[in-house]
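S.K.: next input, structure requested:
(chains A and B)
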Amino acid sequence: MVIRTEGLSFNFGNQQVVKSLNLQVPEGSIYGFLGPNGAGKTTTIKLLLNLLQTQHGSIHIFEQELQKNRISILSQVGALIEQPAIYQHLSGRENLLNRALLLQVPAKRVDEMLNLVHLSNAANKKAGQYSLGMKQRLGIALALLTDPKLLILDEPTNGLDPNGIIEVRELLLKLVSEHGKTVFISSHLLAEVERMATHVGIIDGGQLLFQGSITELEALSQPLIRIEVDNTVDAANLLKRKNYPVADVTDEYVYVPYTSKIQIGDINALLIQNGYVVFSIGKQQKDLEKLFLSITQNA
Amino acid sequence: MVMKGFILSFRSEFFKSRKTLGFWAAILLPLLICLLLFIGFYTKSEGMASMPPMMLWLRFAGAILSVMGSLLLPMFVIFIAYSVNSIEHKADTWKSLFSLPISRLSVYAAKYFYALFLVFLCLTLFVLFTIGFGNLLSLVKPELRFDNYHMEDTLAKLYFKLFLSSLGILSIQFLLSLFWSDFLKPMGIGFVATIIGVITASKGWEYCYLYPYSHPILALKLLPHNTNKGETPQIVIDLFTKDILVGITISVLVFISGYFIVLKKSIK
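M.R.: Numbering: from 1, shown residues only, chains lettered A, B, ... in the order given. Alright, predicted model coming up:
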């Protein structure tokens, strides 16, 4: 595990903002850390970077305890926290040169990074005049400057236009697949993470509600057969008598867990043979967005 | 490890600040003030032609020194302490600074010593410009005999004492500016504290050597004159008076406690 926390909790005064978190971020994964605004994502990230002192529980990064190995761990981590931290009175290049100076990275790496995030043309412009998307890209360049093994990105696509979002996504996918990096990325938008994440952790109210691979998350949302029929309650009773597990009954629909196409045909035939009028019948996939909402709202 | 981080951070402080007013103030302030004084002496030289060279120098250097202790130095120190910290407050870069693989001590100490360096630079330039413009006056106005007396040594000592006297204020203001991102709080507190320092020092309060904001004024007080008849008068400067020793002690204590606060501090 690249990141492993055990029973990680954090209080601001009396308010507990992170509750007994057990994160497991495997090597080479893109871990989507999802949750609505105010769920405790940024606090967790600050704990992972030792910007906040761990109050309860433990944090291991690269299987090393964070407090005791702070500098050796941080030298292999690149981070972008909330809005990127950029000196407005310096140009984009100067911002990178300053960081390169601090971390003893050769200056030629600065130009590589500017190229990578498509800021070469604006490199000598004051960063204060950058658009939000450009600042975000400069922030990503700063995080990548030392070629870190682990990237921790807090809402990195905030303020980016759709093209920018796609670029960042492709960049991260490339970093993981070609360079073997691990990416820990937080977001309040499932759709943004869904397309690249290999693993997902969902946090709400400071608690981890789900953690696992993206396929495990998809498995949670089992497909259903939705049947539109004239008398839903009687139809549901008939299905039960014939040993079909009924998931839900509403005024208009009956829901049965989906197993195969043949089963849809069987149910249709059964209902018609028993004199019901079937208006429609078909497979329905609960999408992840709804699942994300239902997980965070049921908590 | 800590030393290397310190040097890198110190260089980065210079890199970041070299395009800000905070850095340029340390150069422009002495330049402008000495230049104005030069112009003043140049245009109003008639009454001074008969003065002995030593008195000329005392008037020339004294014109700056008289405001230096009471207002100029404390205000400049307050401003510098603010400006090195405000770079990070404005850009919201504390969090990225403290998530770099550099020890917190290096980051904190580099910032503190950079502020110290700027104050030192400013006061050094005051010495150089005072001497430079004084000698320039004797070139362009030969009736002003600045070249017949040398007070480089005295001025250097005096300004070095002023530098030492600013340590207490600098350390306190540095800590205030580290914690408050706005300009008004550290500035307001510093201003009121300076006024109190000026009043207590000028009233000769017996304990004002314990109060850092009085130290710059105390540093310039009581220049003992050696006035034996027939000898050229001499200015003797005692560098390590008790107010200076108190100032150094306070700065060391505040610097160390500041470090422990930074260590425990959670970055918002």
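S.K.: for stretch A:48-58, the distance to its chain's centre please.
M.R.: Taking C-alpha atoms, centre = their mean, to the nearest Å, one finds the center of stretch A:48-58 at 21 Å from the center of the full chain.
S.K.: next, the buried residues of that stretch.
M.R.: A:48-52, A:54, A:57 (16 or more other C-beta atoms under 10 Å in any protein chain shown). C-betas here are computed from N, CA, C, even on glycine.
S.K.: check whether that stretch contacts chain B.
M.R.: Yes: shown here: stretch A:48-58 in contact with chain B (C-beta under 8 Å from any C-beta of the partner chain) through A:49-53.
S.K.: tally of neighbours for whichever residue of the stretch 1-150 of chain B sits closest to chain A?
M.R.: Proximity of the stretch 1-150 of chain B to chain A (C-beta to the nearest C-beta) peaks at B:Pro101, 3.5 Å away. B:Pro101: 17 surrounding residues under other C-beta atoms under 10 Å in any protein chain shown.
S.K.: and the nearest residue to it once chain neighbours are set aside, how close does it get to A:Lys240?
M.R.: With sequence-adjacent residues excluded and distances taken as C-beta to C-beta, 6 or more residues apart in numbering or on different chains, B:Pro101 is closest to A:Ser75, at 3.5 Å. According to C-beta to C-beta, to the nearest Å, A:Ser75 stands 62 Å off from A:Lys240.
S.K.: tell me the phi and psi of A:Ser58?
M.R.: phi -140, psi 160 (degrees, to the nearest 10).
S.K.: how much space between it and A:Ile225?
M.R.: For A:Ser58, the distance to A:Ile225 - C-beta to C-beta - is 46 Å.
S.K.: thought B:Ala63 was touching B:Leu37?
M.R.: Yes: B:Ala63 is within contact range of B:Leu37, at 5.7 Å (criterion: C-beta atoms under 8 Å).
S.K.: contact partners for residue 142?
M.R.: Since no chain was named, I'll use chain A. With contact taken as C-beta atoms under 8 Å, 6 or more residues apart in numbering or on different chains, A:Leu142 is in contact with A:78, A:80, A:84-86, A:95-96, A:99, A:113, B:96.
S.K.: so of those, which ones are in strands?
M.R.: Counting by DSSP state E, these place A:78, A:80 in strands.
S.K.: which other helices and strands does the helix ranked longest in chain A contact?
M.R.: Criterion DSSP state H: the longest helix present in chain A is helix A:162-179. Judged by 3 or more C-beta pairs under 8 Å, 6 or more residues apart in numbering or on different chains; DSSP states H and E, the packing partners of helix A:162-179 are strand A:30-34, helix A:132-144, strand A:182-187.
S.K.: just the CA coordinates of it, formatted as PDB?
M.R.: Output of helix A:162-179 as PDB, limited to C-alpha atoms (Å, rounded to 0.1, in the frame of the first residue of the first chain):
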ATOM      1  CA  PRO A 162     -14.000  20.500 -20.500                       C
ATOM      2  CA  ASN A 163     -10.900  20.300 -22.600                       C
ATOM      3  CA  GLY A 164      -8.700  21.000 -19.600                       C
ATOM      4  CA  ILE A 165     -10.400  18.300 -17.600                       C
ATOM      5  CA  ILE A 166      -9.800  15.800 -20.400                       C
ATOM      6  CA  GLU A 167      -6.100  16.900 -20.600                       C
ATOM      7  CA  VAL A 168      -5.600  16.400 -16.900                       C
ATOM      8  CA  ARG A 169      -7.300  13.100 -17.000                       C
ATOM      9  CA  GLU A 170      -5.100  11.900 -19.900                       C
ATOM     10  CA  LEU A 171      -2.000  13.200 -18.200                       C
ATOM     11  CA  LEU A 172      -2.800  11.300 -15.000                       C
ATOM     12  CA  LEU A 173      -3.700   8.100 -16.900                       C
ATOM     13  CA  LYS A 174      -0.300   8.400 -18.700                       C
ATOM     14  CA  LEU A 175       1.600   9.000 -15.500                       C
ATOM     15  CA  VAL A 176       0.100   5.900 -13.900                       C
ATOM     16  CA  SER A 177       0.300   3.600 -16.900                       C
ATOM     17  CA  GLU A 178       3.700   4.700 -18.300                       C
ATOM     18  CA  HIS A 179       5.600   5.900 -15.300                       C
END
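S.K.: buried ones in it?
M.R.: A:164-165, A:167-169, A:171-172, A:175-176.
S.K.: equivalent analysis for stretch B:172-185, please.
M.R.: Buried, per 16+ other C-beta under 10 Å, within stretch B:172-185: B:172-178, B:180-181.
S.K.: now do the one residue in the stretch 1-150 of chain A that gets nearest to chain B, the pLDDT please.
M.R.: Chain B sits closest to A:Ser75 of the stretch 1-150 of chain A, with a gap of 3.5 Å, by C-beta to the nearest C-beta. Predicted confidence (pLDDT) for A:Ser75: 93.
S.K.: next, A:Glu27: phi, psi?
M.R.: phi -70, psi 140.
S.K.: hmm, back to that, what mean pLDDT does the longest helix of chain A have?
M.R.: 86.
S.K.: run the angle between that helix and strand A:182-187 for me.
M.R.: 160 degrees (axes from the mean of the first three to the mean of the last three C-alpha atoms, to 10 degrees).
S.K.: any buried residues in the strand or helix carrying A:Ala235, and which?
M.R.: In this assignment (DSSP states H and E), A:Ala235 forms part of helix A:232-241. Buried residues in helix A:232-241, counted by 16+ other C-beta under 10 Å: A:232, A:235-236, A:238-239.
S.K.: remind me what the helix or strand that it is followed by packs against, helices and strands.
M.R.: Using DSSP H and E, the helix or strand that follows helix A:232-241 in sequence is strand A:248-249. Contact here means 3+ C-beta pairs under 8 Å, 6+ apart; on that basis strand A:248-249 packs against helix A:232-241, strand A:253-257.
S.K.: near residue 265, how many other residues are there?
M.R.: No chain specified, so I'll use chain A. 11.
S.K.: please refer instead to chain B.
M.R.: 17.
S.K.: could I get the pLDDT score of it?
M.R.: Looking at B:Lys265, the pLDDT reads 70.
S.K.: next: B:Ser106.
M.R.: At B:Ser106, the pLDDT recorded in the model is 93.
S.K.: re earlier: which one of the buried residues of stretch A:48-58 is nearest B:Ser86?
M.R.: Of all the buried residues of stretch A:48-58, B:Ser86 sits closest to A:Leu51, with 19.9 Å by C-beta to C-beta.
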